[in-house]
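# Sharing a sequence plus its predicted fold:
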Number of protein chains: 2
Amino acid sequence: MTDRRPTRRATAAAPIPPTTTGPEGDGPIDYGLLGESVGFLLKRAQMAVFADFIATFATADLRPAQFSVLVIVGRNPGLKQSQVSAALSIKRTNFVPLLDSLEDRGLVKRKMAATDRRSHALHLTAKGTALLKELTALWEQHERRIADKLGADGRSQLLALLNGLDGFGGGDGLDEADLAEMPPPAAKPRGRRPAKTPESV
Amino acid sequence: MTDRRPTRRATAAAPIPPTTTGPEGDGPIDYGLLGESVGFLLKRAQMAVFADFIATFATADLRPAQFSVLVIVGRNPGLKQSQVSAALSIKRTNFVPLLDSLEDRGLVKRKMAATDRRSHALHLTAKGTALLKELTALWEQHERRIADKLGADGRSQLLALLNGLDGFGGGDGLDEADLAEMPPPAAKPRGRRPAKTPESV
DNA sequence: TATTGTTATACTCTATAACTATA
DNA sequence: TATAGTTATAGAGTATAACAATA
């Protein structure tokens, strides 16, 4: 390949920077359009941030997905498994062992729902509530490191932009038809569904 | 195996007051601090964007990682496998079958490096070059949809912020010590390394 | 018949160890 | 000894199908 450079830019702006091109023999690597690929950079950023998260939460031996469950259940006690899994875009089938790990550690409890004997209402245990409070401190350290890297304003902008991408790419990997009650974290209208849509965390 | 709890209902309609912040609007489920967790939102956004990417590239039957390899090799012909895999934060061991898939399709060629008979110099074939040009059009469609969602300015801001996170969380999952020549797509200083650091795409 | 939780299973992605052939 | 590519394998993460109990 040589020089590909789209002349017309979609929906205005976004001038393609010099792409840091190197003399094509040695020197730095030219990332070409990857340098302005949202997906590519999102993946890298997500990996980097998760690495810091995992390192931060290593003392608690907790993965991001487990933390997410604790947060949702902590703030919405009594939700059914299917509601929590849908909220996190985790298939209910994959949610079972995830929840098991938390219940085995005595952090979450499955309780019989009085109205529907098929479902399990989820609650934090006292231990889970206590741990979640400590975890929140770890979470703040983690987010602070991000703010140190991006600046407080940069982090806020990033959060807003990421929320703006909610619903992009088609739904949230819900199982069958639980779309009903699952609004985005910050509220945004929904879009189309060009793809199959996988899970999230 | 559980006791009773007659209270809670499904359709949790009780939004607990927010803690740290509150772009809090309203809605059945309260996401609490997940709504301002960079990692959580990055993961969701990455999943959504990849879903659109995969749908867009379905006609070409190409995964994001495969596309990335084509772009890097296309703009940096002659690089060794280890250089390309390092540039993409893919372990050289996992890079082998990935490259195989591209070579089997006649898009990339492993060539003997004259100076070092251990290494393979990578080049696009004529077919690979032609395909990459078509793929670039697909890529533009994909990115345009993102710009439609975020606004052209929003997308540009996002790209800048994501580049600003480069190097966060500790390096880029390089194998041993190939750190040498692998600058970030848009240039930024490097940081510490609090964690192990996984692959990217 | 539809839904909730579950099991079993498979496929992708990522990670580690060890081998070979060169250097 | 060290490096480049490779193989084998293990572990997460994510996907679908099917079942029992309940609605």
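Received, thanks.

# Residue A:154 is in contact with residue B:164, isn't it?
Yes - contact criterion CB atoms under 8 Å: residue A:154 and residue B:164 qualify, at 6.3 Å. Where you see a C-beta, it was placed from the backbone N, CA and C, and this is true even at glycine.

# The lowest-mean-pLDDT helix or strand in chain A and chain B, are they touching?
One helix or strand of chain A scores below all others by mean pLDDT, DSSP states H and E: strand A:108-113, with a mean of 95. Yes - residues of strand A:108-113 are located near chain B by CB under 8 Å from any CB of the partner chain, namely A:109-113.

# where in chain A is pLDDT low?
Residue ranges of chain A with pLDDT under 70: A:1-26, A:171-198, A:201.

# What is the lengthiest helix in it packed up against?
The longest helix of chain A (DSSP state H) is helix A:126-150. In this structure, helix A:126-150 packs against helix A:38-56, helix A:64-75, helix A:152-164, helix B:38-56, helix B:152-164, with contacts taken as 3 or more CB pairs under 8 Å, 6 or more residues apart in numbering or on different chains; DSSP states H and E.

# quick one: contacts of it?
A:49, A:52-53, A:56-57, A:59-60, A:62, A:67, A:70-71, A:73-74, A:102, A:106-109, A:124, A:154-155, A:158, B:19-20, B:33, B:36-39, B:161, B:164-165, B:168, B:191 (CB atoms under 8 Å, 6 or more residues apart in numbering or on different chains).

# if we look at DNA strand C, which of those residues are close to it?
The subset of the contacts of helix A:126-150 within reach of DNA strand C, by CB under 7 Å from any atom of the strand, is empty.

# Buried ones among those residues?
For those, a burial check counting by 16 or more other CB atoms under 10 Å in any protein chain shown picks out A:49, A:52-53, A:56-57, A:62, A:67, A:70-71, A:73-74, A:102, A:107-109, A:124, A:154-155, A:158, B:33, B:36-39, B:161, B:164-165, B:168, B:191.

# Closest residue of chain A to chain B?
residue A:78 (2.6 Å; CB to the nearest CB).

# what about that residue, neighbour count?
Residues within reach of residue A:78, counting by other CB atoms under 10 Å in any protein chain shown, total 18.

# tell me the SS of it?
For residue A:78, the assignment made with DSSP: H, G, I helix; E, B strand; the rest coil gives coil.

# And it, how far from residue B:59?
46 Å (CB to CB, to the nearest Å).

# Spell out which parts of chain A neighbour DNA strand C.
Counting by CB under 7 Å from any atom of the strand, chain A sits next to DNA strand C at A:80-82, A:92-93, A:95-96, A:99, A:110, A:116, A:118-120, A:176-178.

# Now residue A:154: closest residue in space that isn't a chain neighbour?
With sequence-adjacent residues excluded and distances taken as CB to CB, 6 or more residues apart in numbering or on different chains, residue A:154 is closest to residue B:161, at 5.7 Å.

# for the one you found, what are its contacts?
With CB under 8 Å, 6+ apart, residue B:161 has these contacts: A:150, A:154, A:157-158, A:161.

# Go through these and name the one nearest DNA strand C.
residue A:158 (21.0 Å; CB to the nearest atom of the strand).

# ok, for that closest one, nearest residue in space, not its chain neighbours?
Nearest non-adjacent residue to residue A:158, counting by CB to CB, 6+ apart: residue B:161, 4.6 Å away.

# Please report the distance of the one you found from residue B:200.
For residue B:161, the distance to residue B:200 equals 17 Å [CB to CB].

# go on, residue A:59?
For residue A:59, the distance to residue B:200 equals 26 Å [CB to CB].

# What of residue A:137?
Relative to residue B:200, residue A:137 is positioned 29 Å away (CB to CB).

# Between those two, which has more neighbouring residues?
Taking neighbours as other CB under 10 Å, residue A:137 and residue B:200 compare with residue B:200 leading, 20 against 9.

# my read: the more buried one touches residue B:87, true?
No - the pair residue B:200 and residue B:87 does not pass the contact test of CB under 8 Å, sitting 9.9 Å apart.

# Let me know the angle separating the helix or strand encompassing residue A:121 from helix A:126-150.
Using DSSP states H and E, the element containing residue A:121 is strand A:120-124. What separates the directions of strand A:120-124 and helix A:126-150 is an angle of 70 degrees, with axes from the mean of the first three to the mean of the last three CA atoms, to 10 degrees.

# can you tell if the helix or strand hosting residue A:85 touches chain B?
Using DSSP H and E, residue A:85 maps to helix A:81-87. Yes - legend: contact between helix A:81-87 and chain B by CB under 8 Å from any CB is shown at A:83, A:87.

# After that helix, which helix or strand is next? Please name it.
helix A:92-104.

# Briefly note if that following helix comes near DNA strand D.
Yes - under the criterion of CB under 7 Å from any atom of the strand, DNA strand D is reached by helix A:92-104 at A:93-94.

# right, is that helix up against chain B?
No - using CB under 8 Å from any CB, helix A:92-104 never reaches chain B; the gap is at least 10.1 Å.

# Dump the C-alpha coordinates for that helix into CSV.
Presented in CSV, the C-alpha positions along helix A:92-104 are these (Å, rounded to 0.1, in the frame of the first residue of the first chain):
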residue,chain,number,x,y,z
ARG,A,92,-28.6,-14.9,32.1
THR,A,93,-26.9,-18.1,31.3
ASN,A,94,-23.5,-16.7,31.9
PHE,A,95,-24.7,-14.7,34.8
VAL,A,96,-25.3,-17.9,36.9
PRO,A,97,-21.7,-18.8,37.6
LEU,A,98,-20.8,-15.2,38.0
LEU,A,99,-23.4,-14.8,40.7
ASP,A,100,-22.4,-18.1,42.2
SER,A,101,-18.9,-16.8,42.8
LEU,A,102,-20.4,-13.9,44.7
GLU,A,103,-22.8,-16.0,46.7
ASP,A,104,-20.1,-18.5,47.5
